[in-house]
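Asks: only geometry, no sequence info:
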């Protein structure tokens with residue numbers, strides 16, 4: 001399995017649009033097992049594409065589409081000759097959740113744990129029309145085609161949020177209530193490597209521990225420790241990618257008391273172990 005580094009195909013627009021097909025539209029593997037930070041949609045223009053996730057095969061035929069959430073390991077196969085599709089990849093936070101991201105860059109990703117990992121759309125779905133429109137604009141590249149592609153992306157995102165496939169952080173959280181937690185969220189962001197027990201952080205802000213625990217869960221939707229671990233895992237990603245520190249040293253650096261606990265939490269959140277994450281190869285599109 002490899003981590004795929006997605007590169008925008010449109011100047012100044014954080015979107016990757018492309019055709020997904022084998023040379024001369026021959027049948028075969030379109031992509032080996034991989035994952036990436038972007039969400040992905042594929043519309044089948046011709047033929048049939050099989051999507052494999054966690055040992056399960058999802059079949060998408062001509063006129064249908066599938067959605068794959070970020071960080072979901074998957075592979076795709078063109079089942080028959082003549083198969084081709086439209087590929088769309090982008091980071092949701094580049095289009096939605098911006099007001100929440102100003103409060104904490106981790107909250108949109110944290111809310112995203114409630115997302116659906118994969119969805120198949122039939123021929124009646126509006127997703128297909130939006131995908132075709134995006135590909136047409138990309139192929140023709142007439143004046144202001146970038147604006148039309150962005151509009152198509154927002155249309156798709158609107159559908160995904162309205163159907164509950166994605167969790168919209170802006171509606172998931174009470175922004176007014178979050179503002180009250182802002183000093184605490186900033187403190188976590190700056191001091192994640194310390195021993196931030198519930199007693200420590202509640203005492204730091206002059207709050208009763210039980211009250212703080214209830215308030216945090218009510219506003220964030222999860223326990224304080226769960227959010228803290230999520231931030232620590234996000235912080236550790238950068239160290240894994242950009243340094244040669246050992247996994248043990250990284251675990252301790254970001255605040256975990258043991259490497260075994262760090263490994264368990266990392267795998268739960270990232271769908272792979274820290275070692276696999278480090279050794280994965282990156283592919284520039």
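Replies: In hand now; what should we look at? Here the structure is a predicted model, which is why all the values come from computation and not from measurement. Residues are numbered from 1 along each chain as shown.
Asks: count of neighbours near residue 242?
Replies: 8 (other CB atoms under 10 Å). Placement of C-beta: from N, CA and C, glycine included.
Asks: okay, now the unreliable bits of the stretch 51-200 of the chain?
Replies: For the stretch 51-200 of the chain, the stretches flagged by pLDDT under 70 are 97-103, 170-171.
Asks: hmm, 50 instead?
Replies: Counting by pLDDT under 50, the stretch 51-200 of the chain contains no low-confidence residues.
Asks: now do the SS call for residue 167.
Replies: coil (DSSP: H, G, I helix; E, B strand; the rest coil).
Asks: quick check: closest non-adjacent residue to it.
Replies: The shortest distance from residue 167 to any non-neighbouring residue, by CB to CB, 6 or more residues apart in numbering, is to residue 114 (4.2 Å).
Asks: the one you found touches residue 168, doesn't it?
Replies: No. Checked against CB atoms under 8 Å, the pair residue 114 and residue 168 is beyond contact range at 10.2 Å.
Asks: between these two, which one's more packed in?
Replies: Ranked by neighbour count (other CB under 10 Å), residue 114 and residue 168 place residue 168 first, with 20 against 12.
Asks: surely that one meets residue 160?
Replies: No. Using CB under 8 Å, residue 168 makes no contact with residue 160, being 9.1 Å away.
Asks: how about the helices in the stretch 101-250 of the chain?
Replies: Assigned by DSSP state H, counting those that start in this stretch, the stretch 101-250 of the chain shows helices spanning 107-111, 126-140, 145-162, 169-172, 175-191, 198-204, 209-220, 224-242, 247-253.
Asks: residue 1 is nearest to which of the ones you listed?
Replies: Residue 1 sits nearest to helix 224-242 of all the helices of the stretch 101-250 of the chain, at 15.3 Å, using CB to CB.
Asks: show me what the closest one packs onto, helices and strands only.
Replies: helix 107-111, helix 175-191, helix 198-204, helix 209-220, helix 247-253, helix 259-270, helix 274-279 (3 or more CB pairs under 8 Å, 6 or more residues apart in numbering; DSSP states H and E).
Asks: please redo it, this time with the cut-off set to 6 Å
Replies: The contact analysis (3 or more CB pairs under 6 Å, 6 or more residues apart in numbering; DSSP states H and E) places helix 224-242 against helix 259-270, helix 274-279.
Asks: format these as JSON lines; extra columns: mean pLDDT, distance to residue 136 and mean neighbour count.
Replies: Formatted as JSON lines, the helices and strands packed on helix 224-242 follow (pLDDT from 0 to 100; distance: least, CB to CB, whole Å; neighbours: other CB atoms under 10 Å):
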{"stretch": "helix 259-270", "mean pLDDT": "93", "distance to residue 136": "36", "mean neighbour count": "17"}
{"stretch": "helix 274-279", "mean pLDDT": "83", "distance to residue 136": "37", "mean neighbour count": "17"}
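Asks: so who does the nearest residue to residue 145 once chain neighbours are set aside touch?
Replies: Leaving aside its sequence neighbours, residue 145 sits nearest to residue 137 (CB to CB, 6+ apart; 4.4 Å). Residues near residue 137 by CB atoms under 6 Å, 6 or more residues apart in numbering: 145, 148, 149.
Asks: dump those residues into JSON lines; add neighbour count and distance to residue 30 as well.
Replies: Output for the contacts of residue 137, formatted as JSON lines (neighbours: other CB atoms under 10 Å; distance: CB to CB, whole Å):
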{"residue": "145", "neighbour count": "17", "distance to residue 30": "26"}
{"residue": "148", "neighbour count": "17", "distance to residue 30": "26"}
{"residue": "149", "neighbour count": "24", "distance to residue 30": "22"}
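Asks: please report the distance of the residue nearest the centre of the chain from residue 191.
Replies: The residue lying closest to the centre of the chain (CA atoms, centre = their mean) is residue 70, at 3.2 Å. Here the criterion is CB to CB, to the nearest Å. By it, residue 70 lies 27 Å from residue 191.
Asks: same check on residue 236?
Replies: Counting by CB to CB, the gap from residue 236 to residue 191 is 15 Å.
Asks: ok, those two, which is more surrounded?
Replies: residue 236 (25 against 14).
Asks: leaving out chain neighbours, which residue sits closest to that one?
Replies: Residue 236 sits nearest to residue 254 (CB to CB, 6+ apart), 4.6 Å away.
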